[in-house]
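Asker: Fold the stuff below for me.
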Amino acid sequence: MTISRPKGAARGGERRQRFDQPPNQEHAVARGPAQRGLERHSAGRRKTAAIAVLTGLAVLCLSAPSTTFAAEGAASHYLPGAGGDIFLAVPPEPGLLAANTFWYQTGSAEVALIEGQVSLGIDLDLFLNLTSLTYTFETPVLGGRYTMGVAIPFGDAALDGALVGPLGGRIGFSDDSFDLSDIALIPVQLSWSSGPWSFKLWESIVAPTGGYDSSGSDLANLGRNYWSFDTLGAVTWFNPDSGTEVSIAPGVMVNTENTDTNYRTGTEFHADFVANQFLSETFALGLRGYYYKQLTGDSGSGAGLGDFKSESFGLGPGFVWIPELGGGRLTVLGKWMHDFSAENRFEADYLTLTGAWTF
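Answerer: Down below sits the predicted model:
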């Protein structure tokens, strides 16, 4: 059985299970030139939806609010699993992509430092809407596809816990906030493809644009009040004969200091990984996961809990659907991940649903 990346049913009532090859490859099928042209055109439209969405989702991995993960506030700018759901390194088709992700996270942490105050027994509920736009240029750069992008997140965060007072007593608190979070920019992304393998390198920058109140009256901030610079790479392997895909996207994030709290989150390593199996021309099921570890400890006069180095690991199922009604331009992706281990950060469950449209 020969398959390719998702494409529609064959003409004349014949339906084949195929999944178009990665870019820069031609699928060897003994048909006439006209039929091959029709198939490449149809496959190309579906390939655009399935592949280009990854570029948009990659932008999102830097757009977390301050109430979610490791380091200061048991949080950082890294969003587990937001690197994508399929073909993490395959070059996107030239043109514009718009994507929107609904993100829900619920979890708890034993201890964290929030705005310079020690907090215990913290519970979190986070709803985010992350909208991203990416554009891929037709002209090759260094032999690969060049992409730029932006992700704009906003949402609502609710925190419950107890603050430790100066004499060691505990004061319960409950706070929520609806606001803009920190915007992520991708000034440069380059991707290449060779045979079943694809490769991608990119740099992401997170700007402190989100709502942030350091007065102590609002503990559930969705901004982090510092810059982050994330250098990432990705590798994808895709077998067109079986419809099987495996991808991994590691990165290293460097953070500046939060000048309001004199707290600098340490350098962070993170890796997203996915595995997918196409069950039809338009539907795939698979596994999603991530690994996170701080490489250096937190620092600055505001780091009252010491280096507070964090580490976590999560895993769960996911799906990819390319509905016929979208003509190959629409892609719908979803996943659930559960933290199986978490140290000095929120231990959480994550649910996401993404829709992407290629123009």
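Asker: When you work out contacts or count neighbours from here on, use the C-alpha atoms and nothing else.
Answerer: Noted.
Asker: ok, Gly143 touching Trp192?
Answerer: Yes. Counting by Cα atoms under 8 Å, Gly143 does reach Trp192; the two are 7.3 Å apart.
Asker: In terms of neighbours, single out the busier of the two.
Answerer: Neighbour count, other Cα atoms under 10 Å: between Gly143 and Trp192, Trp192 has more, with 22 against 11.
Asker: can you dump the C-alpha coordinates of the helix or strand hosting the more buried one into PDB?
Answerer: Element membership for Trp192 (DSSP states H and E) is strand 184-194. Extracted as PDB, the C-alpha positions of strand 184-194 are listed here (Å, rounded to 0.1, in the frame of the first residue of the first chain):
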ATOM      1  CA  ALA A 184       5.700  36.200  20.400                       C
ATOM      2  CA  LEU A 185       7.600  37.000  17.200                       C
ATOM      3  CA  ILE A 186       9.400  34.800  14.800                       C
ATOM      4  CA  PRO A 187      11.800  37.000  12.700                       C
ATOM      5  CA  VAL A 188      13.400  34.100  11.000                       C
ATOM      6  CA  GLN A 189      12.500  30.400  10.400                       C
ATOM      7  CA  LEU A 190      14.300  28.300   7.800                       C
ATOM      8  CA  SER A 191      13.100  24.800   6.800                       C
ATOM      9  CA  TRP A 192      14.500  22.100   4.400                       C
ATOM     10  CA  SER A 193      13.300  18.700   3.100                       C
ATOM     11  CA  SER A 194      15.300  15.700   1.700                       C
END
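Asker: And whatever helix or strand comes next after that strand, what does it pack against?
Answerer: Following strand 184-194 in sequence order, the next helix or strand is strand 197-206 (DSSP H and E). The contact analysis (3 or more Cα pairs under 8 Å, 6 or more residues apart in numbering; DSSP states H and E) places strand 197-206 against strand 184-194, strand 228-239.
Asker: could you redo the last one with a cut-off of 10 Å?
Answerer: The contact analysis (3 or more Cα pairs under 10 Å, 6 or more residues apart in numbering; DSSP states H and E) places strand 197-206 against helix 33-59, strand 145-164, strand 184-194, strand 228-239, strand 244-255.
Asker: circling back to that earlier point, any buried residues in the strand holding Trp192, and which?
Answerer: In terms of neighbour count (16 or more other Cα atoms under 10 Å), strand 184-194 has its buried residues at 184-186, 189-193.
Asker: and what of stretch 230-248?
Answerer: Within stretch 230-248, the residues scored as buried using 16+ other Cα under 10 Å are 230, 232-240, 242-248.
Asker: Tyr292 is in contact with His270, isn't it?
Answerer: Yes. If you go by Cα atoms under 10 Å, Tyr292 and His270 touch, sitting 4.4 Å apart.
Asker: any common contacting residues for those two?
Answerer: Residues touching both Tyr292 and His270 (Cα atoms under 10 Å, 6 or more residues apart in numbering): 78, 80, 250-251, 311-313.
Asker: Looking at these, state which has the most neighbours.
Answerer: Pro80 (28 neighbours).
Asker: Verify the assumption that that residue is located in a helix.
Answerer: No. Counting by DSSP: H, G, I helix; E, B strand; the rest coil, Pro80 is not found in a helix; it is coil.
Asker: right, and it touches Tyr290 too?
Answerer: Yes. Counting by Cα under 10 Å, Tyr290 is a contact partner of Pro80 at 6.0 Å.
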